[in-house]
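>>> Following is a predicted model, sequence given first.
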Amino acid sequence: MKEYFSSNEVRFIVVHGDITLKGYVSNVNILNKINEQIEGVKSRYRYSQDDFIKIIHIVDMDGVYISDTDIVETDVEEIQYYEDHIDAKCANTIAERNKRKGDILYKLRKTGKINGISYRIYFNSCNLEHVLYGELKDYSDEEKQILSDDFADRYDGKVGEFVEFIFSENIAVQGTYQKTWDYIEKDLNSLNRHTNMHLIFG
């Protein structure tokens, strides 16, 4: 992104964990919580309101839109994702999580601005690693770091190749911003390998 948008300054805010899954976040206060992140960036880098062009928010889907019947209660330590179901120790807990996150995502995808700044949220399904590496598994932090470094090396100085990859038909959901979100909400699509991040570069 820094290469592609080289005429502007790109700042990344890493929210450790998924802000849409935080216990203190709901569809009522999510815009305020994101605005708190914006205010933190303003303070840290001494930006003014006019310095902001756009907020790009990237989120994992985590199978959030699947039917409750596709959440299988089984004896697992951690939630396990598959392309046709989720295994979890407590199915009701995951169903409630999905409902809450789904409500938050709906609020965000319908939000065009936050505190007067253009805002768009983009998804990776089931998660970023699934889209980038093509395998749906629970990667350790160490594995994520190794894969991330390899991916960065592969596309270093090759922004055109990365854009071509993110536009590839086997991962990019076709259609408008609205239609990509309509698509990811259907059936098992939020578990399958999809993204609308290509729209960032469109």
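Arrived safely, thanks for sending. Only a predicted model underlies this, so the values are computations on that prediction, with no experimental measurement involved. Residues are numbered from 1 along each chain as shown.

>>> can you tell me the helix or strand for Val64?
According to DSSP states H and E, Val64 maps onto no helix or strand at all.

>>> If I look at Val14, what pLDDT would I see?
In the predicted model, Val14 carries a pLDDT score of 78.

>>> State the distance from Ile146 to Glu135.
Applying C-beta to C-beta, to the nearest Å, the value for Ile146 to Glu135 is 13 Å. The way it works is simple: take the backbone N, C-alpha and C, and place the C-beta from them, glycine included.

>>> Quick check: Gly63 touching His194?
No. Checked against C-beta atoms under 8 Å, the pair Gly63 and His194 is beyond contact range at 11.7 Å.

>>> need the contact list for Val173.
Lys179, Thr180, Tyr183, Ile184, His194, Thr195, Asn196 (C-beta atoms under 8 Å, 6 or more residues apart in numbering).

>>> Spell out the residue ranges of the helices in the protein.
Taking DSSP state H as the test, the helices found in the chain are 30-45, 91-109, 128-133, 141-155, 159-166, 177-184, 198-201.

>>> What's the mean pLDDT across the first one?
Just to be clear, that refers to helix 30-45. The average pLDDT within helix 30-45 is 93.

>>> Also the third one?
Regarding helix 128-133, the rounded mean pLDDT is 93.
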